[in-house]
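Peer 1: build me a model:
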Amino acid sequence: MNGTSARLPILTFHALDERSSAISFSPRLFRDGMTRLHERGYRTLRLTQAADILIRGEAFPRHAFAITFDDGYESVYEAAFPVLRDCGMSATVFITVGEKGPRKRGARLPSLEGRPMLTWTQIEEMHQWGIDFGGHTLTHPDLTRLPRGQVQTEVCDGKAVLENILGAPISCFAYPFGRYNREVQRIVRQSFRLACSDKLGFLKRRSDLFALERVDAYYLRTDRLFKLLLTKLFPWYIGLRGIPRQIRRKLL
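Peer 2: Numbers count the residues shown, from 1 in each chain. Here you go, the predicted structure:
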């Protein structure tokens, strides 16, 4: 993996299934796409590694990318984990842990979108192999609509639950629905090293460590689109897709 790049894509997925939902991504396309990237010499960086590069003001390794999964659907274990193992790839899974209280190893995360969720046994297995986990609150609310004390509870207690079960520090966070404001960001800064937003784009030198850009897999849902990752057209494509998204956000 020779050379460097000014950009790093963080590919973000939710559920790997064949539903028509906006958060669904084909398991076959995920397997074929990751295998193709691996065979072409692409390698993953952990989010903390990417953060270190940003802090040092350096360029990213050429042909590098990062992977995240939001929410904690069981398909991450069933469909993504085997592919990540086979390709030797890292990823960060942001999970919504549920209300505080005792956790049984075989218990599942609270259901979202009517889909089966990861069990704590599966989470521990993936973590032991080397998959990273990040905070995604207790109950997946829009944090910008909550009073300060409740934001603090959602963010900090969710982190504490995860650290207690995994026995390891949790340094990464993803805002539910990608939504945050200055106060939410301030609270997250007190407990985490970095945070991912839903801004469509690439990590670059001027990226905010607490509003990292990502590339939503929704924009890569066909073989033809996924193959753009291997071309110089990929940044142009993502830039064009981001224009209407930015307009919609300004109008809301």
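Peer 1: how near is residue 132 to residue 149?
Peer 2: Going from residue 132 to residue 149 by C-beta to C-beta, to the nearest Å gives 29 Å. Every C-beta, even on glycine, is put in place using the N, C-alpha and C of the backbone.
Peer 1: which of those two has more residues huddled nearby?
Peer 2: It is residue 132, of residue 132 and residue 149, that has more neighbours when counted by other C-beta atoms under 10 Å, with 21 against 8.
Peer 1: doesn't residue 136 make contact with residue 162?
Peer 2: No: counting by C-beta atoms under 8 Å, residue 162 stays clear of residue 136, with 9.1 Å between them.
Peer 1: between the two, which contacts overlap?
Peer 2: 95, 97 (C-beta atoms under 8 Å, 6 or more residues apart in numbering).
Peer 1: so for those two, which sits in the more crowded spot?
Peer 2: Between residue 162 and residue 136, counting by other C-beta under 10 Å, residue 136 is the more crowded of the two (29 against 21).
Peer 1: what about the closest residue to that one other than its chain neighbours, helix or strand, and which?
Peer 2: Excluding the flanking residues, the one nearest residue 136 by C-beta to C-beta, 6 or more residues apart in numbering is residue 94, at 4.0 Å. Element membership of residue 94 [criterion: DSSP states H and E] is strand 92-95.
Peer 1: and the contacts of that strand?
Peer 2: Strand 92-95 is contacted by residues 46-47, 66-72, 76, 109, 118, 123, 126, 131-136, 162, 172-174, 196 when judged by C-beta under 8 Å, 6+ apart.
Peer 1: in strands, which of those appear?
Peer 2: Among the contacts of strand 92-95, DSSP state E puts 66-71, 132-135, 172-174, 196 in strands.
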